[in-house]
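Q: here's a sequence, model it:
(one chain, ligands or ions: 1)
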Amino acid sequence: MVDPQVIAANLATVRDQIAQAALACARDPLLINLVAVSKSQPAAAIRAAYACGQRDFGENYVQEWQQKANDLADLTDLRWHFLGHLQRNKVKQVIGKVHLLHCVDDMQGADEMARCAWQNQTNQDVLLQVNLADESSKRGCTEADADLFVEVLARSPGLKLRGLMLLPPYDLDVEAVRPWFGRLRALSERLGRDHGRAGNLPKAGQWWLSMGMSHDFAAAIAQGATHVRVGTAIFGERQALTG
Ligand SMILES: *Cc1c(COP(=O)(O)O)cnc(C)c1O
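A: Presented below is the predicted three-dimensional model:
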């Protein structure tokens, strides 16, 4: 089922495309973090990518992630990224245990994360998920609420806001998606100017931008993505996990 050679070849292709996209806009390819999205993929697939030097992996579901984190506990320098909506009662299972949480997506969740980080005396790097298109099917704060979220996060000692995350309206046509990437970057620049002096927040121009998936990461890089989240282009189609 898992073919390490296919994963190795896919990974090489994706890295190559990342490098090309970065060089095309005079960015340093090394500053673009590839997060291999491994949801619904077995631990063996993660091992195969790890063997090719991949260290950052993204998961969406707490139970599935915990299972894999257990299976892969010997890979001590593996970095987990949490990408999915975090129910409040599961916050404590994730805070302080992942490298980067991409999905602060509602105020109650943010409060619970802050409380939990404070209680455990951990520092958790987080990204604010923004629902730029105001899609009712998606989570994330609206553009209008972003300032409020940023202020709340700036006052949360255990949470370190690093930047923004975007799940734009899904469209296979990259040209339809591209403007959303530009808007997220513009928002981050404005937030950096307006709030960057709060000691706990990134300065203007230093905000991380998590945007771009398998079919559109090159466009996201052209618009300033620092983290691209790529699943199927590395691992192939997602499968229902059995056993
Ligand atoms: C699944 C997922 C991805 C990866 O999508 P692909 O199209 O498989 O690359 C990226 N980001 C998030 C938030 C996801 O849930």
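Q: in what helix or strand does the residue nearest to Gly224 when sequence neighbours are not counted lie?
A: In this structure, Gly224 finds its nearest non-sequential neighbour in Arg185, 4.3 Å apart by C-beta to C-beta, 6 or more residues apart in numbering. Bear in mind the C-beta positions are built from the backbone N, C-alpha and C, glycine included. Arg185 is part of helix 174-195 when elements are defined by DSSP states H and E.
Q: ok, the closest residue in space to Ala24 that isn't next to it in sequence - contacts?
A: The shortest distance from Ala24 to any residue other than its chain neighbours is 7.0 Å, reached at Ala222 (C-beta to C-beta, 6+ apart). Contact analysis of Ala222 by C-beta atoms under 8 Å, 6 or more residues apart in numbering lists Ala21, Ala24, Cys25, Arg178, Phe181.
Q: surely Arg229 and Met213 touch.
A: Yes - with contacts counted by C-beta atoms under 8 Å, Arg229 reaches Met213, the gap being 5.7 Å.
Q: related to what we said a few turns ago, and the residue nearest to Gly224, what does it touch?
A: Applying C-beta under 8 Å, 6+ apart, the residues contacting Arg185 are Leu209, Gln223, Gly224.
Q: could you do Gln108 as well?
A: Applying C-beta under 8 Å, 6+ apart, the residues contacting Gln108 are Arg88.
Q: would you confirm that it belongs to a strand?
A: No - secondary structure of Gln108 (DSSP: H, G, I helix; E, B strand; the rest coil): helix, not part of a strand.
Q: quick one: it and Leu132, what's the gap?
A: 21 Å (C-beta to C-beta, to the nearest Å).
Q: likewise Arg193?
A: 18 Å.
Q: count of residues packed around the residue in the chain positioned nearest to the ligand?
A: Nearest residue of the chain to the ligand, counting by C-beta to the nearest ligand atom: Gly231, 2.8 Å away. Counted with other C-beta atoms under 10 Å, residues neighbouring Gly231 total 21.
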